[in-house]
Structure formats: structure tokens, C-alpha cells
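**Q** Return atomic coordinates for the entry below.
(4 chains)
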Protein chains: 2
Amino acid sequence: MAVKLKDELKAAGRRLTRPRQAVLEVLEQCQYPLTASELYQQLQEHHVSIDLVTVYRTLTVLKELGLITQLELHQEGQFRYEIREGREHHHHIRCQGCGKIADLLLCPLKKLTAFIEKETRFIVEHHSLEFSGWCPKCQ
Amino acid sequence: MAVKLKDELKAAGRRLTRPRQAVLEVLEQCQYPLTASELYQQLQEHHVSIDLVTVYRTLTVLKELGLITQLELHQEGQFRYEIREGREHHHHIRCQGCGKIADLLLCPLKKLTAFIEKETRFIVEHHSLEFSGWCPKCQ
DNA sequence: TTCTCAACTGCAAGAGAGTTGCAAAAAGAA
DNA sequence: TTCTTTTTGCAACTCTCTTGCAGTTGAGAA
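**A** As a prediction, the model looks like this:
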């Protein structure tokens, strides 16, 4: 991934830096999408000293390069980020008790998107589909 | 609606006040979900003087009473509110150009919810499904 | 109608997520 | 190593939403 990161950055006239590598590494190793401040905490735990502002700016860059995806879970009121590499388009479910987030490796919206485009005459570019409820432990 | 509002408030040990009526009236007349500050602006345009803090508190109360629904549109980063009375469960599409929001009077998720519950062993309580794209004028 | 008191409101201040400006630091090409 | 340009850290700021508190008001009781 580090090589890919360097190439993508170079192609966009940008530089490979320690913060950018570190942010991408944390996201690569994490099994669920992180908020900016969770990411910042994890970096501190790994003794990587990066300002929170730099985390935000780095996330913006990685998003622009298409290496990560920005998403919002149901009623959380903040953004989360996850790595894109090697992952199919998918959705999430979040536990209202413990906050656990699980992937849903499905998307039933292809046909629906075509239908919506026909009905509304919008051109659909994105959709977000997130579930919330109670995980087995919190039920 | 005013009668219903009064009854609901009374049942919850709360009072019918001018701000609560005014907020509900604006939401009733609006064809799309409003943010707190849009609501505040519309109230000012109608020469109803209510503090923004009161708007937020009123929205919380109306939500608790089940008279309005709180929702988040794709990547907007703030909440919107819409009246619930007489409206089926539905979703939205928002134009990335002009911000226009249209209702989608459909929900394809009943079967999917059952499937997700079986697969993940979560109990699903809510879902959010929002689309964004380009409306006919902005294409 | 007036009284009474808990519920409500407005103001000021604060919390949390995310952004911007700027000077200092560092990447990387020459 | 030097030089130019990008990037970073710090401070300060914006925006959405919340909290504390003193003064106001709705509505049941007298």
C-alpha cells in the first residue's frame, strides 16, 4: 500500500510524508471505520505524534486520492473513514448499546437506483445506507 | 394538528406554548425536511421571535413525542427534521448542485432487514437510506 | 379571576467536530 | 547541499448543538 500511496501522491503532485503513511497504516489495520479523533487516539497509542489538524487534512487528501471512503453512520453526527483498497462496496450496522460496527457485505440498491433515476429524473451519484440496532451482547 | 399537539404534550406532562406551535406549523407547511437554522430563519421571516436554543429544545420535545422525525442526509453533517403526521415511511434524494431535496416514497428494506437480522444476529431498530446526485436542472 | 408553582424561555457560556491563516519544517528535484 | 514548494503544528476560528441559570409563563387549583 505504501508504494501505491507514493505513486498516487506523486501523480497528484503531492508528497509522501510520515503522517500520511501513519494514517493510512492505522486505517489499514482497523476492522471498522474510524472517526478523526479515534484515529488521532490510535496514532498516539502507537507513539506517532501528529496534530489533529494534520489528521483532518490527511483524511481530506486520502479521500481525494480515492484511497479511503468517508461515511456517516445513523444519527452519529460525525464522519468516519475506512480504507477502500481490496474492499467491495458495502454498508454497516451499528449497535446502539456498545457502538460496535459490523460490515454488511451486500447492497440491494442497483435496481432501485435505476428506478429512482427514472422516477425522479435525478442522476444518482451516491447513496448511504446504514442500519442501527442491538448486537447479540447488548440485546 | 394543534389539538393533537396539545393532547400529546399534556399526556407527557408538558405545556402548549407559542414556540412549540410555531415550530410545528413551519414544519407542517414545508415540503422538505429543515435544519434547525433553516427553521429559525423561517420563523424570523414569519415574525415569530424565538431563540435558536428554544428551537433546538422544541425539536427535541417534538421528536420525543413522535410528532417529527430527525434525519441526516448524505454527507451534510447536520440534522434535518420533518413532520410525521400523515406521511408514510420514506427516504430522500438531495441534489449536490442546488441542495434540492425530494422524497422517495419507497422503502425496499423489509426483506433485507430480516436477512440482516438472521446473518448478523443484531436486532435492527432503525435504518437510514439517502441518495444524492444531480437534479434535472443541475445536470 | 387570581394565585401558585413547575415547566418553559432567553441569554450567556460552553462543548465538540471540523476549518483556516501563517510561520516554521521538511520533501524531493536540481 | 541548496532551493522551491508542499506540508505541518499551533492558535484561533466557525458552525452545530448543549447546558446552567435567572426570569417568565402556562394551566390547574382556589
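**Q** Only C-alpha atoms from now on, for both contacts and neighbour counts.
**A** OK.
**Q** so what's the backbone phi/psi at the residue of chain A at minimum distance from DNA strand D?
**A** Residue nearest to DNA strand D within chain A (Cα to the nearest atom of the strand): residue A:14, separated by 3.3 Å. For residue A:14, the backbone dihedrals are phi -120, psi 170 (criterion: degrees, to the nearest 10).
**Q** show me what contacts it?
**A** Applying Cα atoms under 8 Å, 6 or more residues apart in numbering or on different chains, we find residue A:14 in contact with no residue.
**Q** The biggest strand by length in chain A - which strands sit beside it in the sheet, and in what orientation?
**A** When chain A is parsed with DSSP state E, its longest strand is strand A:123-134. With DSSP bridges as the criterion, the sheet partners recorded for strand A:123-134 are strand A:91-95 (parallel), strand B:123-134 (antiparallel).
**Q** Give the buried residues for that strand.
**A** A:123, A:124, A:127, A:128, A:129, A:130, A:131, A:132, A:133, A:134 (16 or more other Cα atoms under 10 Å in any protein chain shown).
**Q** do the same with stretch A:12-32
**A** Quick answer for stretch A:12-32 (16+ other Cα under 10 Å): A:19, A:20, A:22, A:23, A:24, A:26, A:27, A:28, A:32.
**Q** how about the helices in chain A?
**A** Taking DSSP state H as the test, the helices found in chain A are A:2-11, A:18-29, A:36-45, A:52-64, A:110-120.
**Q** Mind putting those into CSV with mean pLDDT and distance to DNA strand D?
**A** Formatted as CSV, the helices of chain A follow (pLDDT from 0 to 100; distance: least, Cα to the nearest atom of the strand, whole Å):
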stretch, mean pLDDT, distance to DNA strand D
helix A:2-11, 88, 7
helix A:18-29, 97, 4
helix A:36-45, 97, 11
helix A:52-64, 97, 4
helix A:110-120, 95, 27
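**Q** No further queries at this time; thank you.
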